[in-house]
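In: No sequence on hand, only this structure:
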């Protein structure tokens, strides 16, 4: 059953990758994959959870911790069923739900601003249609925005902008993919820019000033290298979208457009502040921002005709939110969660530790793997596998002190490695869902660019360490 879970994951992953040839929406494949993984886990629980590692402990780290905490002496099939259904499923559902509600809130805010034509403030300032200039402007904008917001929110905002700037679908796919690369690179050097850096920051492995100073330059190189390579091949200009009949109608006044734009951006920027001040999950800050914007639109448009009111309030906007993307996230994250609970990722982490050993190589591999398996459980596994060394530690242990080389490089690799495949990061999955980007197309056109940037940034980090140490 342990092996069957891997086989099912590979087959489900292939169905997602071959979405267009199979003519089956990836959300359907992801949901089936996610639920099947847990079904197999439940039916094979006695075989899977009784597997042991080299030290004689249970292979599944979460099962090991559960048995130790509950004091069960001889766990049986009933204990295992309770562990899966009442502990693991609910635990992972809580984590997945925070991401889904965060995504839903961010997408709704962005759609509300877009419905009020708020992004005209930015799109009117981007006058160039030259592909190379536009690529540089959008990449730099994304890189710094994702450090202030986070890579997922920034990607959602920028894709909404791209729809106003580029008419051709294939060209928009290219620019959206480069936005993903820039968003992941920008999120890696900020303590609030990516889920993995947030985990390391909250866990005490890295501090704010150090992660910014040590990872900024490698992340910048990761963003710049693919843009430079593309700059030599991109030619000509993009075509701006032509407004359809009805899109010319001004539902809003300039004051309303500006108000919603600044409220939307302010609401998104408020989220990291909310988390820092209250220590509550970011999705709560996002939903609070959405609630305030929702109330504002209800009051603002209450005297308008019913048709306009339905179009402009959040209730009308919710009909346009991309629900399949939410289901896609749910399926993928559920599948990875099942592998984490069953011990697959623990086995992988132990193998890396035993057979590789070198901290740079381990992190590079984790980065590449994060393009296949979600980077969050991989980083969680690394955090559980290595303890923070005491201040003043020397030799190999010094790499694991607070702000040690291992943690810094882990933040870089896990944050940027996911760009190699579009499914490897939250930003990539959001872009794939919103723009219906083809997995195979991304592999052919973007994966090598992302890999080049990833390795170049890693080389810069290594050189930086050699110079400073």
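Out: That came through fine. Please read all numbers here as calculations on a predicted model, not as lab measurements. Numbers count the residues shown, from 1 in each chain.
In: OK, contacts around residue 123?
Out: 161, 164-165 (CB atoms under 8 Å, 6 or more residues apart in numbering). In short, each C-beta sits where N, CA and C put it, glycine included.
In: no no, residue 175
Out: 134-135, 138, 162, 165-166.
In: Could you rerun that using 10 Å?
Out: The contact partners of residue 175, taken as CB atoms under 10 Å, 6 or more residues apart in numbering, are 131, 134-135, 138-139, 158-159, 161-162, 165-166, 230, 234, 238, 435.
In: Highest neighbour count among these?
Out: residue 158 (28 neighbours; other CB atoms under 10 Å).
In: mind checking the SS state of it?
Out: Put simply, residue 158 is helix when judged by DSSP: H, G, I helix; E, B strand; the rest coil.
In: For residue 101, state which of the contacts of residue 175 is nearest.
Out: Nearest to residue 101 among these is residue 159, at 19.6 Å by CB to CB.
In: Leaving out chain neighbours, which residue sits closest to the closest one?
Out: residue 434 (5.1 Å; CB to CB, 6 or more residues apart in numbering).
In: Next, work out how far apart that neighbour and residue 412 are.
Out: 26 Å (CB to CB, to the nearest Å).
In: And these two? Which one has more around it.
Out: residue 412 (30 against 20).
In: pLDDT of the host helix or strand of the more buried one, averaged?
Out: Using DSSP states H and E, residue 412 maps to helix 405-416. Averaged across helix 405-416, the pLDDT comes to 89.
In: need the next SSE after that helix, C-terminal direction.
Out: By DSSP H and E, the next helix or strand past helix 405-416 is helix 426-435.
In: lowest-confidence helix or strand of this protein?
Out: helix 375-385 (a mean of 68; mean pLDDT, DSSP states H and E).
In: which stretches of the stretch 351-469 of the chain aren't confidently modelled?
Out: 357, 374, 376-377, 380-381, 384-385, 387, 392-393, 396, 469 (pLDDT under 70).
In: 90 instead, please
Out: Within the stretch 351-469 of the chain, the stretches with pLDDT under 90 are 351-363, 365-408, 411, 414-415, 418-419, 421-440, 465-469.
In: how would you label the residue nearest to residue 316 when sequence neighbours are not counted: helix, strand or coil?
Out: Spatial nearest neighbour of residue 316, excluding adjacent residues (CB to CB, 6+ apart): residue 310 at 4.6 Å. Classification of residue 310 using three-state DSSP returns helix.
In: Please tell me I have it right and residue 310 contacts residue 318.
Out: No: counting by CB atoms under 10 Å, residue 310 stays clear of residue 318, with 11.1 Å between them.
In: out of the contacts of residue 175, which are inside helices?
Out: Using DSSP state H, 131, 134-135, 138-139, 158-159, 161-162, 165, 230, 435 are the members of the contacts of residue 175 that sit in helices.
In: which of these lies closest to residue 224?
Out: residue 139 (8.1 Å).
In: In contact with residue 4, which residues?
Out: 36-37, 40-41, 43-44, 47-48.
In: now the residues you listed in CSV, with distance to residue 23?
Out: Formatted as CSV, these follow (distance: CB to CB, whole Å):
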residue, distance to residue 23
36, 21
37, 24
40, 26
41, 30
43, 31
44, 32
47, 36
48, 34
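In: What's the PyMOL syntax to select whichever of the residues you listed are buried?
Out: In PyMOL syntax, the buried subset of these is picked out as below (16 or more other CB atoms under 10 Å):
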select buried, resi 36+37+40+41+44+48
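In: Could you identify the most distant pair in the contacts of residue 4?
Out: Once CB to CB is applied, these give 36 and 47 as the farthest pair, at 16.8 Å.
In: And the helix or strand where residue 7 lies, what's buried?
Out: Per DSSP H and E, residue 7 falls inside helix 2-17. Neighbour-count burial for helix 2-17, counted by 16+ other CB under 10 Å, picks out 2, 4-5, 8-9, 12-13, 15-17.
In: can the residues you listed go into TSV with extra columns for pLDDT and distance to residue 404?
Out: Formatted as TSV, those follow (pLDDT from 0 to 100; distance: CB to CB, whole Å):
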residue	pLDDT	distance to residue 404
2	88	34
4	92	39
5	91	34
8	92	37
9	89	32
12	89	37
13	83	33
15	87	40
16	82	36
17	76	36
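In: Just the closest of those residues to residue 364, please.
Out: Closest approach to residue 364 among the buried residues of helix 2-17 (CB to CB): residue 13, at 21.6 Å.
In: what's the spacing between that closest one and residue 339?
Out: Relative to residue 339, and taking CB to CB, residue 13 is found at 11 Å.
In: shared neighbours of those two, which are they?
Out: residue 373.
In: mind listing what's buried in the lengthiest helix in the chain?
Out: If each helix of the chain is counted by residues according to DSSP H, the longest one is helix 89-115. Buried residues in helix 89-115, counting neighbours by 16+ other CB under 10 Å, are found at 89, 92, 95-96, 98-115.
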